[in-house]
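Student: no sequence for this one, just the structure:
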């Protein structure tokens, strides 16, 4: 995962707004990259970075809602906070339906924006950590042999080594060997951890 401090992308065609909001966001220790042109932002921002996006709704050339649609279509996972000086219920509804994390009206309340940004960054960090953990678990599971996967599936159902041995027509000692390999390959420190890891893989459709 990207280890740099979170970066907030601020997209607004109004220079005064960009300057004031960038200064505000910087007061809570967040880095800011300001963009006047949404197309330049789409072409140049780091999709692998950690952070959030602050996006004005009304801009010349392309609307913020259209940019939001493009971000979602491209699988960008940074949370998006929409800003508008002419908000309507329908616009707000559309933004949330499209995947916006928050919708704030201008002039933006400083505290509301900072709270929304900090919550968005925390959410993004947790999401990336969860995805990283899931990917690592899938990679470890891929190291298992077909027989080890069979043993794992029977372990999580609560069968003893003897019962697993009978089900697979192998000796309990062989089951013990497979069991030890499972704990080592899946980096599980306890049976509960092994079962939790298996449950996560099942939920993701891996096994």
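Tutor: Right, received. Where do you want to start? Bear in mind that the values here come from a model prediction, so they are computed numbers and not experimental data.
Student: secondary structure element for residue 69?
Tutor: In the assignment (DSSP states H and E), residue 69 maps to helix 64-73.
Student: repeat for residue 112
Tutor: With elements taken from DSSP H and E, the one containing residue 112 is helix 110-141.
Student: pLDDT averaged over that helix - what is it?
Tutor: For helix 110-141, mean pLDDT rounds to 91.
Student: What are the buried residues along that helix?
Tutor: 113-114, 116-118, 120-121, 124, 128, 137, 140-141 (16 or more other CB atoms under 10 Å). (C-beta placed from N, C-alpha, C; glycine too.)
Student: Ok, stretch 19-38 next?
Tutor: Those would be 21-22, 24-25, 30, 32-35, 38, for stretch 19-38 by 16+ other CB under 10 Å.
Student: Compile the residues you listed into CSV and extend it with columns for pLDDT.
Tutor: Shown next, in CSV, are the buried residues of stretch 19-38 (pLDDT from 0 to 100):
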residue, pLDDT
21, 97
22, 97
24, 97
25, 97
30, 95
32, 97
33, 97
34, 97
35, 97
38, 94
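Student: Below-threshold pLDDT in this protein: ranges please.
Tutor: Within the chain, the segments meeting pLDDT under 70 span 1-4, 203-207.
Student: all helices for it, in order.
Tutor: Taking DSSP state H as the test, the helices found in the chain are 15-26, 38-44, 64-73, 89-98, 110-141, 146-155, 161-168, 172-185, 191-204.
Student: Switch the ones you listed over to JSON lines; also include distance to residue 52.
Tutor: Putting the helices of the chain into JSON lines (distance: least, CB to CB, whole Å) gives the following:
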{"stretch": "helix 15-26", "distance to residue 52": "10"}
{"stretch": "helix 38-44", "distance to residue 52": "13"}
{"stretch": "helix 64-73", "distance to residue 52": "12"}
{"stretch": "helix 89-98", "distance to residue 52": "15"}
{"stretch": "helix 110-141", "distance to residue 52": "4"}
{"stretch": "helix 146-155", "distance to residue 52": "39"}
{"stretch": "helix 161-168", "distance to residue 52": "48"}
{"stretch": "helix 172-185", "distance to residue 52": "37"}
{"stretch": "helix 191-204", "distance to residue 52": "25"}
